[in-house]
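Q: I'd like to go over a predicted model; first the sequence, then the structure.
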Amino acid sequence: MITIAGAGLAGLASALELARAGASVRVYEAGPEIGARSVARYAGGMLAPWCERESAGEEVITLGAGAADWWEAITPVTCRGTLVVAPPRDHAELSRFARRTTGFREVAGTGVDRLEPDLSGRFSRGLFFEREAHLDPRLALQDLVNAATALGVVINPGTAAPDRVDLDCTGIHATLPDLRPVRGEMALLHCPEVTITRTIRLLHPRFPLYLVPRGEGVFMIGATMIESSSTRPVTLRSLSELLGAAFAIHPGFAEASVIETGSGLRPAFPDNLPRLVQRDGTLHLNGLYRHGFLLAPAMAARVARHFIPETSDAHHSECQTA
């Protein structure tokens with residue numbers, strides 16, 4: 001029996017990969033409901049390895065390129081790419097983003113309009129990452145639970161983990177060297193008048209913002225670049241920037257209803273890439289940063305390979321010792 005602390009994204013993905021490899025798995029979740037305390041609930045759900053290369057190493061592409069296929073076997077995935085845009089005053093940011101990334105084609109003039117007719121006349125330049133995708137984080141978490149339990153994984157909500165477990169996936173609550181919190185903030189908007197169909201990233205001098213369609217007129221607007229350990233609700237400044245960004249993308253959002261706001265702390269290491277760390281007899285999977293849905297599949301496969309070495313996995317286990 002392999003025991004796991006934490007039924008968030010990392011813990012559930014690892015439990016599924018271990019079960020697929022034939023292991024018996026038990027997951028302990030201190031929260032009263034599975035996923036209720038997971039920071040992944042407030043994620044964009046973007047499967048965007050080429051865009052994420054802008055703020056992380058090349059490994060984000062290597063690890064994340066197969067994420068969409070992994071998730072498609074579990075939950076619905078929308079494969080319509082990512083469109084990165086900026087207003088004319090921030091075109092220098094767009095050029096900088098292009099220099100730091102790959103896997104895109106430049107669109108100009110009516111190119112943006114053809115991709116997203118609702119943006120007609122609003123942006124004269126953009127970068128289109130055609131191979132990228134997105135999913136609904138909360139639906140994906142529930143579908144991940146269903147897939148894991150179907151293979152016999154036992155999940156115990158409202159139950160503190162024992163002092164010693166095989167795998168620790170407790171995120172920012174883990175006491176690991178160099179782990180830091182990065183605050184993410186989001187708002188869910190209902191605006192059926194806007195018909196944007198793919199993820200839009202709006203480049204902003206302070207941090208990039210993203211708009212993700214959820215279907216039925218619902219959109220998520222968010223940002224995850226705030227170096228802070230604060231757990232308070234979304235600040236007025238941040239909410240103003242989020243809503244202002246939505247309006248900058250499309251003026252129709254001025255009439256949007258704000259369904260929900262939320263914030264969470266993403267655990268990150270200095271290189272903004274996840275790690276497997278062996279400490280005091282427990283393996284830790286941590287540091288998913290804002291790449292949770294993108295990198296969890298490959299990291300979970302590494303976890304399975306660590307515990308069951310004969311597991312077939314193209315991503316070799318690379319553990320560190322703390």
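A: Cool, the structure landed.
Q: Can you spell out which helices and strands pack onto the longest helix seen in the chain?
A: Assignment by DSSP state H gives helix 292-307 as the longest helix of the chain. Packed against helix 292-307 by the contact rule (3 or more C-beta pairs under 8 Å, 6 or more residues apart in numbering; DSSP states H and E) you find helix 9-20, strand 46-47, helix 59-64, helix 67-72, strand 275-279, strand 282-286. To be clear about C-beta, it is placed using only N, CA and C from the backbone, and glycine gets the same treatment.
Q: pLDDT on stretch 288-303, on average?
A: For stretch 288-303, mean pLDDT is 96.
Q: and what of stretch 253-265?
A: pLDDT averaged over stretch 253-265 gives 94.
Q: ok, the closest residue to residue 282 other than its chain neighbours - contacts?
A: The spatially closest residue to residue 282, leaving aside those adjacent along the chain, is residue 168, at 5.2 Å (C-beta to C-beta, 6 or more residues apart in numbering). By C-beta atoms under 8 Å, 6 or more residues apart in numbering, residue 168 lies in contact with 4, 5, 6, 174, 282, 283, 284, 285, 286.
Q: circling back: distance from the chain centre to the longest helix of the chain, please.
A: In terms of C-alpha atoms, centre = their mean, to the nearest Å, the centre of helix 292-307 is found 14 Å from the chain centre.
Q: what's the angle from that helix to strand 282-286?
A: For helix 292-307 against strand 282-286, the angle between stretch directions is 160 degrees (axes from the mean of the first three to the mean of the last three C-alpha atoms, to 10 degrees).
Q: Now do helix 292-307 against strand 275-279, angle only.
A: Going by the same axes, to 10 degrees, helix 292-307 makes 40 degrees with strand 275-279.
Q: doesn't residue 16 make contact with residue 300?
A: Yes. Here residue 300 reaches residue 16: they are 6.8 Å apart, a contact under C-beta atoms under 8 Å.
Q: pretty sure residue 119 contacts residue 110?
A: No. Using C-beta under 8 Å, residue 119 and residue 110 do not qualify as a contacting pair, with a distance of 10.7 Å.
Q: Just the buried positions in stretch 16-28, please.
A: Using 16 or more other C-beta atoms under 10 Å as the burial criterion, the residues of stretch 16-28 that qualify are 16, 17, 18, 19, 20, 21, 23, 25, 26, 27, 28.
Q: same thing with stretch 93-111?
A: Using 16+ other C-beta under 10 Å as the test for burial, stretch 93-111 gives 93, 94, 97, 101, 103, 104, 107, 111.
Q: ends of it, how far apart?
A: Stretch 93-111 has an end-to-end distance of 19 Å (C-alpha to C-alpha, to the nearest Å).
Q: what mean pLDDT does it have?
A: For stretch 93-111, mean pLDDT rounds to 94.
Q: ok, and what's touching that stretch?
A: Against stretch 93-111 from outside (C-beta under 8 Å, 6+ apart): 49-51, 53-54, 61, 83-86, 114-115, 124-132, 203-205.
Q: could you redo the last one with a cut-off of 7 Å?
A: Contacts to stretch 93-111, defined as C-beta atoms under 7 Å, 6 or more residues apart in numbering, come from residues 50-51, 53-54, 84, 86, 115, 124-129, 131, 203, 205.
Q: Could you list the low-confidence segments of the stretch 101-250 of the chain?
A: For the stretch 101-250 of the chain, the stretches flagged by pLDDT under 70 are 205-207, 224-226.
Q: Please enumerate the strands of it.
A: 105-108, 125-129, 133-134, 154-157, 167-168, 180-190, 199-202, 209-215, 218-226 (DSSP state E, counting those that start in this stretch).
Q: what does the third one rub up against?
A: Just to be clear, that refers to strand 133-134. The contact list for strand 133-134, computed with C-beta under 7 Å, 6+ apart, reads 44, 45, 46, 47, 68, 77, 78, 79, 199, 212.
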